[in-house]
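**Q** model the following, please.
(one chain, ligands or ions: 1)
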Amino acid sequence: MRRRTDMLLAALLGVGVLSAAGCDEDMLNPMAARQPRVQNYGESDFYSDGLSMREPPAGSVPRERLVMNPGLTTGKVAGPTGDIYLTSIPVKVDRPLLELGQKRFSITCATCHGPVGDGDSIVGSQMSLRPPPSLHKYSQREPGYIFEVVTNGFGMMASYAAELPVRDRWAVVAYVRALQLSQASTLDKAPPEERARLEKEKVGP
Ligand code: HEC
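**A** Sure, this is the predicted structure:
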């Protein structure tokens, strides 16, 4: 009734009705507020059992159900007193995997954690609440833990499971390990031909 009066008034005054309409309704999606619907756990006179919430059809498989290899998909396995993080990467670590990891890390993580993972990034320098840490601080953490952080997020950091399928996530973990090793290494540990190249470029500690 109020709306009709508003509209009449607006028409009479010759101004838009928008400013007056619907302050007591869902402004973002008025259709959602107005359409017939049931509330969670509410009663229903439509279904014969009187419940508004329905059981999934028999045989439905939840998308989150873990099958076959939880270590691979969560980074941890059940131990005697709780979950244990994998201490090694459960896929074959070879050059293609590291190259995939480098690519994914550069696209997904370097924006915040920096190209070499030391937390030095333009985005990071603008984050005042809790800036992205250097990933070199986590060189003693299990690969399974890093995998879990990428999968579920951590504190202020979002999950990257949607961007990175399981294999890509392990590839990122392997590349983070490679960064940790490379940034904490000394020149004499490099193979002779690499050493010569690095010395020429004056890269490294
Ligand atoms: C949008 C910025 C952003 C991106 C992108 C990002 N992170 Fe983070 N990351 C953060 C912030 C901020 C924290 C600290 C969160 C906190 O302590 O609440 C963090 C924390 C971490 C930690 C430490 C967790 C701990 O135990 O303290 C790890 C490991 C990590 N990130 C890895 C990654 C990896 C790998 C990627 C890429 C897949 C990534 N992050 C992408 C912002 C980001």
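
**Q** give me the nearest residue to residue 100, chain neighbours excluded.
**A** For residue 100, ignoring the flanking residues on the chain, the nearest one in space by C-beta to C-beta, 6 or more residues apart in numbering is residue 171 at 4.2 Å. Backbone N, C-alpha and C define where each C-beta goes, glycine included.

**Q** for the ligand, what's the nearest residue on the protein?
**A** Using C-beta to the nearest ligand atom, residue 155 is the residue of the chain that sits closest to the ligand, at 2.1 Å.

**Q** counting neighbours, what do you get for that residue?
**A** A total of 7 residues lie near residue 155 under the criterion other C-beta atoms under 10 Å.

**Q** equivalent analysis for residue 160, please.
**A** Neighbour tally, residue 160, other C-beta under 10 Å: 18.

**Q** again with residue 146
**A** Neighbour count of residue 146, defined by other C-beta under 10 Å: 24.

**Q** distance-wise, check the closest residue to it other than its chain neighbours relative to residue 83.
**A** The shortest distance from residue 146 to any non-neighbouring residue, by C-beta to C-beta, 6+ apart, is to residue 173 (4.8 Å). According to C-beta to C-beta, to the nearest Å, residue 173 and residue 83 sit 17 Å apart.

**Q** who has more neighbours out of these two?
**A** residue 173 (28 against 14).

**Q** residue 134 reaches residue 124, doesn't it?
**A** No: contact criterion C-beta atoms under 8 Å: residue 134 and residue 124 do not qualify, at 9.8 Å.

**Q** identify the contacts common to those two.
**A** Listed as contacting both residue 134 and residue 124 by C-beta atoms under 8 Å, 6 or more residues apart in numbering are 113, 114.

**Q** now name the helix or strand holding the nearest residue to residue 169 once chain neighbours are set aside.
**A** Excluding the flanking residues, the one nearest residue 169 by C-beta to C-beta, 6+ apart is residue 150, at 5.1 Å. Element membership of residue 150 [criterion: DSSP states H and E] is helix 143-152.

**Q** which other helices and strands contact that helix?
**A** Where contact means 3 or more C-beta pairs under 8 Å, 6 or more residues apart in numbering; DSSP states H and E, helix 143-152 is packed against helix 70-74, strand 82-85, helix 166-183.
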